[in-house]
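Enquirer: Prediction below, plus the sequence it came from.
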Amino acid sequence: MSNNKVLIVDDDENIVELIKLYFEKDGFDTATANDGKKAVELFKSEAPSIVILDVMMPEMDGWQVCREIRRVSNIPIIMLTAKGETFDKVLGLELGADDYMVKPFEPKELIARVKAVLRRSETKENTAEKEVVFPNLTINLSNYELKISGNIVEIPPKELELLYFLASNPNRVFTREQLLEEVWGFDYFGDSRTVDVHIKRLREKLENVESSWQLKTVWGVGYKFEVR
């Protein structure tokens, strides 16, 4: 674990120091920031393996930092949210966060979450070429590239992963809970709106592209990538 650097971002210095202490004791390298602007600077200069990111901060909040990082990197991000802020959790996942923790939390549980997210990330990186091809549609998970009608289309990482997963299992129906677990990689947490939002955005990109396949809603169940 010593090769993994964790960027810890929170405007509460006590929380930062506590998390830093636990991670360094566990063999991680750390970098710390107390505001969003500094976090973006350190992300660029320190090249961390994972970011632990508080939502409410001065200068730039966690949402803005998450957006900035996602423009250039698929690095794992774990968001820290205040207790009971369901909307925060959903928004964080929509922006491309990999997991979230609700304050107050046990540092040991945070370390366990970080290790799990890093394991999933390393597994993705070590897999062979991952590509699914249909008429006028190519989804490549190795280089995170989506081609529609031969043109490269910009797409957030989680949207691409969701489309890849569904297209890799054509005509199979998945519930929202299954999609959250398979694509986001953690247990269903009680609010599946993030899946609906991602499907809606994917449909906007794929509308009227091809008649031989479609993203289809199976009412009362979930979604499937239907191939005719």
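Expert: Great, that's in hand. Numbering: from 1, shown residues only.

Enquirer: alpha carbons only for contacts and neighbour counts from here, please
Expert: Will do.

Enquirer: low-scoring stretches of this protein, by residue?
Expert: Across the chain, the ranges flagged by pLDDT under 70 are 1-3, 83-89, 123-129, 185-191.

Enquirer: Sketch out the strands for it, chain order is fine.
Expert: For the chain, the strands defined by DSSP state E occupy 5-9, 29-33, 50-54, 77-81, 99-102, 131-134, 137-140, 145-148, 151-153, 174-175, 213-218, 222-227.

Enquirer: can I get the ones you listed in TSV with distance to residue 110?
Expert: As requested, these are exported to TSV (distance: least, CA to CA, whole Å):
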stretch	distance to residue 110
strand 5-9	12
strand 29-33	14
strand 50-54	9
strand 77-81	9
strand 99-102	7
strand 131-134	33
strand 137-140	31
strand 145-148	31
strand 151-153	35
strand 174-175	28
strand 213-218	35
strand 222-227	31
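
Enquirer: any chance of those strands in CSV, plus mean neighbour count and distance to residue 203?
Expert: Output for the strands of the chain, formatted as CSV (neighbours: other CA atoms under 10 Å; distance: least, CA to CA, whole Å):
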stretch, mean neighbour count, distance to residue 203
strand 5-9, 24, 34
strand 29-33, 20, 38
strand 50-54, 26, 30
strand 77-81, 24, 26
strand 99-102, 20, 24
strand 131-134, 15, 16
strand 137-140, 20, 13
strand 145-148, 18, 12
strand 151-153, 11, 13
strand 174-175, 17, 17
strand 213-218, 17, 7
strand 222-227, 19, 11
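
Enquirer: ok, now which ones touch the residue located most distally from the centre of the chain?
Expert: The centre of the chain is farthest from one residue, residue 228, which by CA atoms, centre = their mean lies 30.6 Å away. Counting by CA atoms under 8 Å, 6 or more residues apart in numbering, residue 228 makes contact with 212-213.
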